[in-house]
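J.: With the sequence up front, the predicted model follows.
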Amino acid sequence: MILWSVAFLLAAGAWAADEEPRDESHITLALDWAMNWGEWGPQVYCPLGTFAYAFQIKVEGEDHLDDTAMNGIELFCRAPADTGHDGRPPKKDAKEFTITSTVQQWGDWKGKRECATGYLTGLRMKSEEDQGFFIDDTAANDLEMQCHWSTDTLNGGGDHWGTWSSWESCPHNWAICGIETRVEADSATDDTALNNVRMFCCSLNDMPPTLAPK
Ligand SMILES: [Ca+2]
Ligand SMILES: [Ca+2]
Ligand SMILES: [Ca+2]
């Protein structure tokens, strides 16, 4: 289910992030299953005229007394003329931008998962339910994403605990352009780090005139 909370960014001052808000509307993708310990971080967007075409996740391995599994999500953004997809090499001077919301301290980045065609357009996340007081919790464990409104899947390489949410996807001609993560602060008892994510879709037709594909 897409949350059709299309927010028009004309509502100045509504943004907690220090990033420049994109001057266009967006659609919020919210998951139907995730844990919710911690606080939402800043809403962060790809620079105007660019969209997310790759991602990687930060994951703590499975051999700790207090595991946290997923700790962060990073998106890689490029402009349509710079992607180098669809059989074309990327432009030599192609600008690439990376964005994150809140990231916790544990684990390692698992490496870039990149679309062969187009942009990231859908996500689902694997989360472990509340294990109670005596058993170790991890909350979010793994992330999968889809490209170009297809059902081909890129797996983030996370841990295995929990169950997958439903897929949430941008409508046709909209692509992922922003992220907000909910992360639990270092608690010194049973940490879970990353718990939840929202991603934002922007319209591929809504390009500034100087960046629109010819
Ligand atoms: Ca627990
Ligand atoms: Ca986690
Ligand atoms: Ca834990």
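T.: Here it is on my side, so go on. On a predicted model such as this, the values are computed, not experimentally measured, just so you know. Ligands and ions are numbered 1, 2, ... in the order given.
J.: Around ligand 2, pick out the residues from the protein.
T.: Taking CB under 5 Å from the ion as the measure of proximity, the chain contacts ligand 2 at 68-70, 139-140, 192-194. For the C-beta atoms, the positions are set from N, CA and C on the backbone; glycine is no exception.
J.: Top of those residues by number of neighbours, please.
T.: Counting neighbours by other CB atoms under 10 Å, Leu194 comes out on top of these with 37 neighbours.
J.: Residues in a beta bridge with that one, which ones?
T.: Val183 (DSSP bridges).
J.: Repeat that for the one 5 residues further on.
T.: Here Met199 sits in beta bridges with Leu29, Ile179, as judged by DSSP bridges.
J.: Any stretches of the protein with poor pLDDT?
T.: 1-24, 82-93, 206-214 (pLDDT under 70).
J.: Contact residues of it facing ligand 3?
T.: 66, 136-137, 190-191.
J.: what does this structure have sitting close to ligand 1?
T.: 131, 137, 190.
J.: rerun that using 8 Å as the cut-off
T.: The interface of the chain toward ligand 1, taken as CB under 8 Å from the ion, is made up of 130-137, 190.
J.: Just the buried residues of the residues you listed.
T.: 137, 190 (16 or more other CB atoms under 10 Å).
J.: mind listing the helices for the protein?
T.: In order along the chain, the chain carries no helices (DSSP state H).
J.: beta partners of Trp109?
T.: Beta-bridge pairing of Trp109 under DSSP bridges involves Lys58.
J.: could you list every residue that touches Trp40?
T.: 180-182, 196, 198 (CB atoms under 8 Å, 6 or more residues apart in numbering).
J.: Can you give me the neighbour number for Thr153?
T.: Neighbours of Thr153 (other CB under 10 Å): 13.
J.: so who does it touch?
T.: Thr153 neighbours (CB under 8 Å, 6+ apart): 144-146.
J.: again, but for Cys46
T.: By CB under 8 Å, 6+ apart, the neighbours of Cys46 are 22, 52, 75, 77, 97, 99, 177-178, 202.
J.: Let's see that with 7 Å instead.
T.: If you count contacts by CB atoms under 7 Å, 6 or more residues apart in numbering, Cys46 has them with 52, 75, 77, 97, 99, 177-178.
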